[in-house]
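Colleague: model the following, please.
(chains A and B)
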Amino acid sequence: MDYECVIGLEVHAQLLTDSKLFCSCATTFQAAPNDQTCPVCLGLPGVLPVLNRQAVELTMRTGLAMQGTVAAANRFARKNYFYPDLPKGYQISQFEEPLIEGGCLDLEVDGVSRQVRLNRIHLEEDAGKSIHGENLADPDKSYVDLNRTGVPLMEIVSAPDLRSPEEARAYLQKLKMVLEYLDVCDGNMEEGSLRCDANVSLRPVGAETLGTRTEIKNLNSFRNVQQAIAYEMERQRDVLENGGSVVQETRLFDAARAVTLPMRSKEEAHDYRYFPEPDLVPLQIEPEWIDQVRQSIPELPDARRQRFVSEYDLPAYDADVLVASRAMADYFEATVELFPQPKIVSNWVMGDLLRELNQAHHSPHEAPVTPTHLAELLRLIDDGTISGKIAKTMFEDMYRTGRRPEDIVAEQGLVQMSDSDALREVIEQVLARHPEQVAGYRGGKEKLLGFFVGQTMKATQGKANPAMVNTLLKQLLP
Amino acid sequence: MPGMEPLHVLREQLVSGALNAVDLTEAVLARVDAVDPELNTYVTVTAEQARQQATQAADAFARGEVHSPLQGIPLAIKDNICTKGARTTCASRILERFVPPYDATVMQRLQAAGAVMIGKANLDEFAMGSSTETSHFGATRNPWGNAEYVPGGSSGGPAAAVSAGLCAAALGSDTGGSIRQPAAMTGVVGLKPTYGRVSRFGLVAFASSLDQIGPLTQDVHDAALLLQVIAGHDPHDSTSGDVPVPDYTAALDRGVEGLKLGVPREYFVAGMNAEVEAAVHAGIDTLCQAGAELVDVSLPHTPYAVATYYILANAEASANLARYDGVRFGFRAAEPADLSDMYMRTRAEGFGAEVKRRIMLGTYVLSSGYYDAYYKKAQQVRTLFRQDFQRAFADCDALLTPVSPTPAFRLGERLDDPLQMYLADIFTIPMNLAGIPALSVPCGLTTDRLPIGLQIAAPPFGEDVLLQVGAAFEATTDFHTLKPDGLPAAREGDRYGL
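Modeller: Here you go, the predicted structure:
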């Protein structure tokens, strides 16, 4: 029998707020353990939560950008379970009344456009971190770091609209991109700012009802998402084809072995005993606030890609690469602003800049070569001060040192030789040194022109203006 | 028998210089030493801190600085209100050694006002009870009735301390009657403010949507003075109301002439103590003679109060008490085998029977499959209680009812009968469910010389109306001036001129 895979993703995105969801502790990554805690996030007796408005706003921005509806009245709920890194014994989350209802995300997979519906987006606090085992004062003990406790997360729940591991991966990549554009989440999966659980089931092709699903936890890279779902699909297919039935359970992805393993069954599932959080009043959201947040939504990647093609006349491929990150697209536009030849800028950004960024693990705004520096460099090529070849070397130098191109040109005397008398002299010397090649060229080996250009460049340490060299060679050789 | 003067009288003496704040605190501490071994009103006496605060107050008076009516006034604080540096136990083994690193908002306000904290007063474990018998530190005894009776609860410690002159006034907390019922049973004044009138930040939560801190005092005037200091919006408590705080003492002289006072017929039930019923009726008559107009009103959902309350309060409690897990603070069972053993034994050994009973009930009513039948239904009924009161207050300015169907009962009498114990709060619970303020004032004694209380309830943020009616009642009665008799150690007070 042919099966169809049905996938829904639950993505937890850490919000880029200055402080935690219910107290004023900072949210910086990698602070010393338990340094970013206070009586409120430690859940000491008697403390009360106070909601962070910025977190609400960022979630609203996300929901509105993805065509969701902001619920005029929504509330928080307590999700009850015991775990050492959950100080209160419950997590403050949203259950029956989430902040955002509905919404959608458009994807393109293998050239085909798909719209994935969202069920909801809700706001909740993160738990802490339990640390077991080695590298600690006592390897037999477990330790708890509560720095992350109370950090604001939004949980973005998709409808079961995804049909393949590739689509799931594309969804997550697109979502990450949109969140970065919205400036609501840094999208760093390694640091856990973006985490994903997948609900996976199979059903016979054409069937309406959903099959029994499993939930896979702990998917912390795009690769993991794709691999885990692919494995789980095959596993469920085997079960079904052998006449078995899929057990509803929570499974954990083991990235080292690329398999999913049972974590807890439905019988062992927690009864979270959700109920409305009595320490917080229902959140009333005025229409004015929604309008205000709507104004703060920046241009999103799809719109920007289209604009790059229409406004800058860039090939679709260039536009795709450039808008993949908001910082890259911003870098491009800032450079074009100063040097209005978009395709040339695009080539440099996608080529030299991207290469240096990848090597240095920098994001575009960290690049030592700023858009201003790059534009200056491109102008030097454009006005013939330096050659394109020199510019390539200079770019590497600029990236290493952070210096301006003019300074490097002045210091190293890299100004292009455009003095025709001087060049003529150099070329005459080159021809005098290579009588055989001159004879060969005159005998019809026109390819040797490149040889003479190379020798001339070499003799001028690359400073010769290539166009002039070509012209002069053609005058002197016949 | 001489006893502790009311707060407002002490204040006049302190301001005039007739009384020194240090002498006052020393006298109270000495009286605590003498009397409290028998009554057990305090879990912890913070003598050193009290002396420092009294010295500061005395110095301020000496410099002619008077910051607030509470300056130099010795207070008892219920031991579920967090006090920085002074252990806050909730009368539970699980918090026996817990010392909060922060002060509750009410404590910050009391300190800013220059008040003196004598100590942390006893309560039913986690404020769950109506007799102050479930405390890990032993039962508190009622100063009345030869110390053979309970003081009510859960604020039995603060109420008995006020009654026995072991402080000038006290702070308690009221979730289903825990200020008013012990106030009635020990012959003092107890005020449960509107939900949201006083910050809950730093009050160890029992049932978050019902808990409220309030004063226990010797008379209504004192309640006005104490409420004035602790009331008001707190940005650290999202459920506190951003509503202006009126001048409460201004309400004290208004009298009741022209006021319409409602008497809900459902609050006089078959089986209630005849002496209580008679005393409450007499109290109602007193107010009628003082010029109030009586109105017959109905609060039809009253019979469902106890059931509704025990679902909602226990549901919230089951979550609120989850943090006592032995991981970060408080008691942890010795030598746990693994994580779940640590959880189970810590909580089994750290909590008393009543607390465990309520956690189990609360967990049950929130469980999958039962939520709709219990918790959700109870929330709906809660709305009906609010509507009951709204309708009643359309016809009257305040309500008059008994506080408790019986006077204080004997120690141990109801400990094995939780249902009987729960019924002690039948007339006080509805106000918590509706979030409205209510006041208990002494209105008589039984033939066994046990105090009886009259309850006055008002619409949300109508504390001034409560104080107005309460003060009018005290103006024509002297029940609030009666002191417990036969309290052996009370005679010790003579030595200190109290």
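Colleague: which SSE is immediately downstream of the helix ranked longest in chain A?
Modeller: For chain A, the helix that runs over the most residues, judged by DSSP state H, is helix A:222-241. For helix A:222-241, the following helix or strand on the C-terminal side (DSSP states H and E) is strand A:249-254.
Colleague: what's the longest helix of chain A packed up against?
Modeller: Using 3 or more CB pairs under 8 Å, 6 or more residues apart in numbering or on different chains; DSSP states H and E, the elements in contact with helix A:222-241 are strand A:3-14, helix A:165-182, strand A:194-204, strand A:214-219, strand A:249-254, strand A:259-265. (Glycine included, C-beta is placed from N, CA and C.)
Colleague: kindly recompute the last result at 6 Å.
Modeller: In this structure, helix A:222-241 packs against helix A:165-182, strand A:194-204, strand A:214-219, strand A:259-265, with contacts taken as 3 or more CB pairs under 6 Å, 6 or more residues apart in numbering or on different chains; DSSP states H and E.
Colleague: save these as TSV, and put in mean pLDDT and distance to residue B:197 too.
Modeller: Output for the helices and strands packed on helix A:222-241, formatted as TSV (pLDDT from 0 to 100; distance: least, CB to CB, whole Å):
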stretch	mean pLDDT	distance to residue B:197
helix A:165-182	96	41
strand A:194-204	96	42
strand A:214-219	91	45
strand A:259-265	88	45
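Colleague: to chain B, which of the ones you listed lies closest?
Modeller: strand A:259-265 (14.0 Å; CB to the nearest CB).
Colleague: interface residues of the stretch 51-200 of chain A facing chain B?
Modeller: A:78, A:80, A:82, A:84, A:88, A:89, A:90 (CB under 6 Å from any CB of the partner chain).
Colleague: which of these lies closest to chain B?
Modeller: Chain B lies nearest to residue A:89 out of these, by CB to the nearest CB, at 2.4 Å.
Colleague: identify the residue spatially nearest to the closest one, adjacent ones excluded.
Modeller: residue B:322 (2.4 Å; CB to CB, 6 or more residues apart in numbering or on different chains).
Colleague: ditto for residue B:187
Modeller: Counting by CB to CB, 6+ apart, the residue nearest residue B:187 is residue B:451, at 3.3 Å.
Colleague: contacts only, for that neighbour.
Modeller: Counting by CB atoms under 6 Å, 6 or more residues apart in numbering or on different chains, residue B:451 makes contact with B:187, B:442, B:445.
Colleague: could you measure it against residue B:413, distance?
Modeller: Noted for residue B:451: a distance of 17 Å to residue B:413, by CB to CB, to the nearest Å.
Colleague: go on, residue A:422?
Modeller: Distance from residue A:422 to residue B:413, by CB to CB: 116 Å.
Colleague: so those two - more neighbours on which side?
Modeller: Remark: of residue A:422 and residue B:413, residue B:413 carries more neighbours, 15 against 12, as counted by other CB atoms under 10 Å in any protein chain shown.
Colleague: phi and psi next, for the nearest residue to the more buried one once chain neighbours are set aside.
Modeller: Nearest residue to residue B:413 in three dimensions, chain neighbours excluded: residue B:150, at 7.9 Å (CB to CB, 6+ apart). Dihedral pair for residue B:150: phi -80, psi 160, per degrees, to the nearest 10.
Colleague: so residue B:150 touches residue B:134, yeah?
Modeller: No - shown here, residue B:150 and residue B:134 do not form a contact pair, counting by CB atoms under 6 Å, at 10.7 Å.
Colleague: ok, those two, which is more surrounded?
Modeller: A direct count of neighbours by other CB under 10 Å for residue B:150 and residue B:134 places residue B:150 higher, at 31 against 24.
Colleague: give the full set of residues in contact with the more buried one.
Modeller: B:131, B:142, B:408, B:411.
Colleague: need the three-state assignment for the residue in the stretch 101-250 of chain A that chain B sits nearest to.
Modeller: Taking CB to the nearest CB, chain B has its nearest neighbour within the stretch 101-250 of chain A at residue A:144, 7.0 Å off. Under DSSP: H, G, I helix; E, B strand; the rest coil, the three-state class of residue A:144 is strand.
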